[in-house]
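Engineer: Sequence first, then the predicted structure, then my questions.
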Amino acid sequence: MIAYPLFDTTSDICIRVWRGKSSMRYGKMFMLALLAPALAACATSGGMTVGSGAIANPSPKYRKAIAVRSVSGGQVMNILTVPGVANEPFKAALEATLSANGYLATSGTPKFYLDAEIRNLDQPLMGLDLTVIADVTYNISGVGPAASYPVKAQATATFSDSPIAVDRIRIANERAMRENIGQFLQALR
């Protein structure tokens, strides 16, 4: 039996489609296109890190003296529900921020330990402009009495940031956490 393609047989693409060789390749590309938003939902530590120079007058008391001991309260990323912020990326962002601003203990035993608890991540379920409110409590213990810094910060991601809603919520999460860490640094002064 001889099959004839519906298209011009001189075209390389038509011949490959006709023979069925490229259907697997196109199927893989289609699946990748479906999974791309799910992969983009993961918050990254780089998106939450506050760069150096965020504080005008850093406190000499905490200079190179803080170690991040624990982060709790984070949510595992789940594309089927509203994506959250996991503990490990947030801890990495805290350490990178403290290091960039001269607070992270680099050698020896640190004078202070930082424990952060993500108390709430208030996220919208849908919309074009997605505003996230991050509520984190930072506890510093070590030499002297322990200090507690409850910080609430909000940030928005718009449709112009990304047309994909899952990606917008990830961007809003990262911005809210970055703003939260920035406010914590200001409270340390």
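Structural biologist: Okay, I see it.
Engineer: burial measure for residue 155, as a count.
Structural biologist: Neighbour count for residue 155, taken as other C-beta atoms under 10 Å: 19. For glycine as for every other residue, the C-beta is placed from the backbone atoms N, C-alpha and C.
Engineer: Let me see the contact set for it.
Structural biologist: Residues in contact with residue 155 (C-beta atoms under 8 Å, 6 or more residues apart in numbering) are 131, 132, 134, 172, 175, 176, 178, 179.
Engineer: So which of those residues sit within strands?
Structural biologist: Judged by DSSP state E, the contacts of residue 155 include 131, 132, 134 as members of strands.
Engineer: The contacts of residue 155: which two are farthest apart?
Structural biologist: 131 and 178 (14.4 Å; C-beta to C-beta).
Engineer: And these two? Which one has more around it.
Structural biologist: Of the pair residue 131 and residue 178, residue 178 is the one with more neighbours under other C-beta under 10 Å, namely 22 against 16.
Engineer: Please tell me how far that one sits from residue 96.
Structural biologist: Distance from residue 178 to residue 96, counting by C-beta to C-beta, to the nearest Å: 11 Å.
Engineer: got it, and residue 146?
Structural biologist: Per C-beta to C-beta, residue 146 is found 24 Å from residue 96.
Engineer: out of those two, which sits in the more crowded spot?
Structural biologist: residue 96 (18 against 11).
Engineer: Check the secondary structure at the more buried one for me.
Structural biologist: Secondary structure for residue 96, judged by DSSP: H, G, I helix; E, B strand; the rest coil, is helix.
Engineer: how long is stretch 149-167 from one end to the other?
Structural biologist: Taking C-alpha to C-alpha, to the nearest Å, the first and last residues of stretch 149-167 lie 30 Å apart.
Engineer: Understood, closing this out.
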